[in-house]
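K.L.:
here is a sequence together with a model predicted from it:
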Amino acid sequence: RPLQDLAGLRVVVSAGPTREYLDPVRFISNPSSGKMGFAVAEAARDRGAQVTLVSGPVTLPDPHGLSTVHIGSALELRDAVLEAAQQADLVIMTAAVADYRAAQPSGEKQAKVAGEVSIQLTPNPDILAELGQHKGGRVLVGFAMETHAGVERAAAKAQRKNADFILLNYPTQEGTAFGGDDNQVTLVRPDGGHEAWPRLSKREVAERLLTEALRVHAERHPD
Ligand code: C5P
C-alpha cells in the first residue's frame, strides 16, 4: 500500500478529448487517449485522495475506487469540472479541450454539397483560466503541448491562466504523449523556472506531478 500522503484531499482530474459536434454524426476532436489523466486519477486514489475524474470519450474502463463523470463537449466538461472543483484541493487539467466548437451546430445531418464548404467556429471557454480566476486555496495544474518555444509559451500560459505549474510535452516524440504509455515532460512554473523530467511511464509522471502539487498545497496551507 503506497504512502497515504493525499489522505483527506479532494482531487479533480480532467482527461481525454472533447467532441464538438457539427451535426448529429460529425464532430471535431483530437487523438487524446485519456491515459495521462487516468494515471493521475489512479495515482491520487492510491495515495488516499478522494478523486473525481471528468473524462471525455475514451476507450479506457472507469477506474474503481473513484467517481468518474463522462462528458462529450467542452461546455459539458466545463460544467462538470467547475461543479466538482468547488470542493477540491487540487485540480489537474489533463483533458485535451477543443479550442473551438461549431457556431451553429445542425440538428440534422448536413447533406453533401458540390464544391467547398466552410464551417464557422466559435471559441470554447478556457476552463483552466476560469478556475484560475476563482482560485481560492486550490492548486491548479495544466498540461501544454507545444511544437516550438515550449518553455516560454508554457510559462506565459501558466501566468495567464493562474496555474501553479504546467507540464509541457511535445506531440512528436516516439512512444510519448498522444496514445503512448510513456511521457517526457518539462515542469514549467509561471516565472519561467523549469525542470525537464526523463522519459517515464505516465504513472510515474502522475506520481511526480502529485508530489509537486502536494508541495504547493502544503506551502499554501501551513498547519
Ligand atoms: O492553452 P492550451 O490549450 O495550450 O492550454 C492547455 C491547458 O489548458 C490544459 O491543461 C487544458 O486542459 C487547459 N484548457 C482548458 N480549457 C480550454 C483549453 C485548454 O482548461 N478551453
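P.N.:
Good, I have the coordinates.
K.L.:
quick one: contacts for the residue minimising distance to the centre of the chain?
P.N.:
Against the mean C-alpha coordinate of the chain, by CA atoms, centre = their mean, the closest residue is Thr94 at 1.7 Å. Going by CB atoms under 8 Å, 6 or more residues apart in numbering, Thr94 touches 13-15, 36-37, 40, 143. Where you see a C-beta, it was placed from the backbone N, CA and C, and this is true even at glycine.
K.L.:
out of the residues you listed, list just those in strands.
P.N.:
Using DSSP state E, the subset of those located in strands is 13-15, 143.
K.L.:
would you turn the residues you listed into a markdown table with neighbour count?
P.N.:
Below are these laid out as a markdown table (neighbours: other CB atoms under 10 Å):
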| residue | neighbour count |
| --- | --- |
| Val13 | 33 |
| Ser14 | 33 |
| Ala15 | 27 |
| Phe143 | 26 |
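K.L.:
ok, so of these, who is nearest the ligand?
P.N.:
Distance to the ligand, by CB to the nearest ligand atom, is smallest for Phe143 among the ones in strands among the contacts of Thr94, at 4.4 Å.
K.L.:
who's the closest one bridged to?
P.N.:
Beta bridges link Phe143 to Leu167, judged by DSSP bridges.
K.L.:
on that earlier part again, kindly indicate which of the contacts of Thr94 lies nearest Gly179.
P.N.:
Met36 (10.1 Å; CB to CB).
K.L.:
can you tell me how far that closest one is from the ligand?
P.N.:
Noted for Met36: a distance of 11 Å to the ligand, by CB to the nearest ligand atom, to the nearest Å.
K.L.:
Arg47 now?
P.N.:
Arg47 is 21 Å from the ligand, where distance means CB to the nearest ligand atom.
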